[in-house]
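In: any chance you could fold what I've pasted below:
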Amino acid sequence: MMTESPVTIVGIDPGLNITGYAVLQSNGSQLSLLEAGVLRSKREQSMSQRLYQLYQGLVEVVEQHNPTVFAIEELYSHYQMPKTAILMGHARGIYCLAAAQHGIDVHNYSATQIKKVLTGNGRAPKNQIQLAVMRQFHLAEPPDPPDVADAIAIATCYHFTNRSTIMPS
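Out: Predicted coordinates:
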């Protein structure tokens, strides 16, 4: 009987102001939350300074946890706000760069796919994602800000889409 080695997953909800991140460990059907939080940049700084600050924050997480894989939410752009997607694309790019520099595989998930895996509803509202994350990890309260819950959800999505396990009810 072969045992799977643990997989450390970093889930990333990319943003320029606030990026949610989560570090999960997957060991077969077992999933543990090791750490979750936010990376922030300062609005008054230049774009390059903000990106560098976010990059450094993620590299610290990588160096502390030595992840196997990154799970990152894909960009979604509403046609009325293309600038938002462009700004998020900058942040997302530095996270992909950090992964490549550390030899970490990157998996991308759409918001609807993440929501569907966690709740069964691809159009679930943010509070439903927070509740699903609370239930999955037996948390006393919803992760705050919601970017943290989203990052946990993204990493959890990787776990359930790359294993032969089924999301528990």
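In: ok now do residue 131, which residues does it touch?
Out: Contacts for residue 131 were tallied using CB atoms under 8 Å, 6 or more residues apart in numbering; they are residue 142. C-beta: built from backbone N, CA, C; applies to glycine.
In: ranges for the strands of this structure?
Out: Assigned by DSSP state E, the strands in the chain fall at 7-13, 18-27, 30-40, 69-73, 105-109.
In: let me know the angle separating the helix or strand of the chain with the lowest mean pLDDT from strand 7-13.
Out: Least confident helix or strand, the chain: helix 82-101 with a mean of 91, by mean pLDDT, DSSP states H and E. Helix 82-101 runs at 160 degrees relative to strand 7-13, counting by axes from the mean of the first three to the mean of the last three CA atoms, to 10 degrees.
In: packing partners of helix 82-101?
Out: helix 47-65, strand 69-73, strand 105-109 (3 or more CB pairs under 8 Å, 6 or more residues apart in numbering; DSSP states H and E).
In: the same query, at a cut-off of 10 Å, please.
Out: Using 3 or more CB pairs under 10 Å, 6 or more residues apart in numbering; DSSP states H and E as the contact test, the elements touching helix 82-101 are strand 7-13, strand 18-27, helix 47-65, strand 69-73, strand 105-109.
In: of those, which approaches residue 149 most closely?
Out: Shortest distance between residue 149 and the helices and strands packed on helix 82-101, using CB to CB, is found for strand 18-27: 7.4 Å.
In: neighbouring strands for that closest one, and are they parallel or not?
Out: When sheet partners are counted by DSSP bridges, strand 18-27 sits next to strand 7-13 (antiparallel), strand 30-40 (antiparallel).
In: sweet, I'm off.
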